[in-house]
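K.L.:
next one to model:
(2 chains)
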Amino acid sequence: MTRWAMVADLRRCVGCQTCTAACKQANGTPPGVQWRRVLDLEVGEYPAVKRAFVPVGCMHCDDPPCMHVCPSTATRKRSDGIVTIDPELCIGCAYCAVACPYEARYKVNGIATKCTFCVERIDAGTAKGLKPGVDPEATPACVNSCIANALHFGDAEDPASNVSQLLAQNQHFRMSEALGTGPGFYYLWDKAP
Amino acid sequence: MNRPQRHWDARAALNFMCGGSGAGLMAAGAFFDPPSPWPLACALALIAVGLTAVWLEIGKKTRALHVLFNPYTSWMARESLAAALLFPLALGSILTLRLTPAAALAALVFLWCQARILRAARGIPAWRVPQVVPLVMSTGLAEGAGLALCFSQTPLLLAVFALALAARAWAWLRYNAATKSAALAPAGTSLLAIGTAGALACGVFAIDSIPFAWIAAAAATGTGWWLKFALVTRAGSFQGFSLPHLPVRGAR
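P.N.:
Take a look at the predicted model:
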């Protein structure tokens, strides 16, 4: 079974926003809509200040709150873990937008939109026998564009995949895990002990 | 292109305000002796106004019936189904005055679904707490019981009104203890002072004086609406992001 997941190495991200720009270019999102954002967080007080750049977006959760609340069944989860929106079914009630703890959804032109993990590229690439996360043609645009090699994509169920290796070699967390959503987006913050 | 929408606004709040009051009034309709069609008609009109307001909020209005597609997990779909059940029962009750208990039960189901809509929104800390369910339920019932006093001032209705106000005050105190939402503090204070103490004081005199009944109804309903408007709009903010660990860079 495949479970597509994304990994962001917080030690490597420099906050250049190239992923944001690449996402906007690849998906044609309108002004004010950023499916892939990079937060710039400062923690502490001078001189003990730390700074982190945190890529965020749809976490393609195992148990997506957006899918459960959607009254029209427009939001669905594929067997490979990708959460999708059917634009022909969506009524634009924005219930999914307020249910998502990751602020990943935008109602634009009457319907909900969000990061798709560039699902068309993944599907087209795998149909050609390419490997998402390894072959750029089958990999999400934000991952391809990352100048610092901070973003990675791959099959979290495959122990030999790039993301599984990274998760095994590093300490990691997922955003707001206490909510029980099971995000498919991991953050690396240190080497494994 | 419209500005991207990420929150619910006054149109969604109106559904909780009018729909809640209407459902509460429909439930209070079961306590009218003799039964009267007017409070039921007023309740149905309020619910219709609320649903129309939320219809105005959706992006694709011609697809409104898609809202019924997912009753398996979505409380919004369940609310719509409850409304679809409530309307014929209420109309039948208005016409025959025989289906009032069934309509009251359907109104309670509708109100329950409304409360669960907020509870299911895991992105909003002020909504996802379990205490929001009794709060939304009790505000609807208190507002409905208050509006019922405008039609009849029997001792039974006054007792229902007092009970509903007490339940709402208790629900608010429990909710506020759990969330401590600053955005709701002014509305909560007025709910206790004007909407509970003031409304109860006016309710005592309502049996002999219709103007007091109207004032009690206005106090109970107005403060309840203010609280729900603030709950859906001002308190409807996301939890934000927090990092359990900061990146460890360089040599250790």
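K.L.:
please count neighbours and contacts with C-alpha atoms only from this point.
P.N.:
Will do.
K.L.:
got a pLDDT number for residue 65?
P.N.:
Since you didn't name a chain, this refers to chain A. A:Pro65 is assigned a pLDDT of 96 by the prediction.
K.L.:
please refer instead to chain B.
P.N.:
Looking at B:Leu65, its pLDDT stands at 96.
K.L.:
three-state assignment of it?
P.N.:
helix (DSSP: H, G, I helix; E, B strand; the rest coil).
K.L.:
now B:Trp225
P.N.:
Judged by three-state DSSP, the three-state class of B:Trp225 is helix.
K.L.:
for B:Ser242, see how far away the closest residue to it other than its chain neighbours is.
P.N.:
Nearest residue to B:Trp225 in three dimensions, chain neighbours excluded: B:Met17, at 5.3 Å (CA to CA, 6 or more residues apart in numbering or on different chains). B:Met17 sits 33 Å away from B:Ser242 when distances are taken as CA to CA, to the nearest Å.
K.L.:
and these two? which has more neighbours close in?
P.N.:
Legend: neighbour count by other CA atoms under 10 Å in any protein chain shown for B:Met17 and B:Ser242, higher for B:Met17 (29 against 10).
K.L.:
may I have the one helix or strand that one maps to as PDB, with CA atoms only?
P.N.:
For B:Met17, the host element (DSSP states H and E) is helix B:10-28. In PDB, the C-alpha atoms belonging to helix B:10-28 read as follows (Å, rounded to 0.1, in the frame of the first residue of the first chain):
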ATOM      1  CA  ALA B  10     -22.500  37.100   9.600                       C
ATOM      2  CA  ARG B  11     -24.500  35.000   7.200                       C
ATOM      3  CA  ALA B  12     -23.400  31.800   8.900                       C
ATOM      4  CA  ALA B  13     -23.900  33.400  12.300                       C
ATOM      5  CA  LEU B  14     -27.500  34.300  11.300                       C
ATOM      6  CA  ASN B  15     -28.200  30.600  10.800                       C
ATOM      7  CA  PHE B  16     -27.200  29.900  14.400                       C
ATOM      8  CA  MET B  17     -29.000  33.000  15.700                       C
ATOM      9  CA  CYS B  18     -32.300  32.700  13.800                       C
ATOM     10  CA  GLY B  19     -32.300  28.900  13.500                       C
ATOM     11  CA  GLY B  20     -31.500  28.500  17.100                       C
ATOM     12  CA  SER B  21     -34.200  30.800  18.300                       C
ATOM     13  CA  GLY B  22     -36.700  29.300  15.800                       C
ATOM     14  CA  ALA B  23     -35.900  25.800  17.000                       C
ATOM     15  CA  GLY B  24     -36.200  26.900  20.600                       C
ATOM     16  CA  LEU B  25     -39.600  28.500  19.900                       C
ATOM     17  CA  MET B  26     -40.800  25.400  18.100                       C
ATOM     18  CA  ALA B  27     -39.800  23.300  21.100                       C
ATOM     19  CA  ALA B  28     -41.600  25.800  23.400                       C
END
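K.L.:
avg pLDDT for it?
P.N.:
In this model, helix B:10-28 carries a mean pLDDT of 97.
K.L.:
which residues in chain A form strands?
P.N.:
With strands called from DSSP state E, chain A shows them at A:4-9, A:37-43, A:50-56, A:75-77, A:83-85, A:106-108, A:111-113, A:151-155, A:170-173, A:185-191.
K.L.:
show me what the helix holding B:Met17 is packed up against.
P.N.:
helix B:37-57, helix B:100-119, helix B:132-149, helix B:210-232 (3 or more CA pairs under 8 Å, 6 or more residues apart in numbering or on different chains; DSSP states H and E).
K.L.:
who's in contact with stretch B:188-201?
P.N.:
Stretch B:188-201 is touched from outside by B:162, B:165-166, B:169, B:172, B:215-217, B:219-224, B:227, with contacts defined as CA atoms under 8 Å, 6 or more residues apart in numbering or on different chains.
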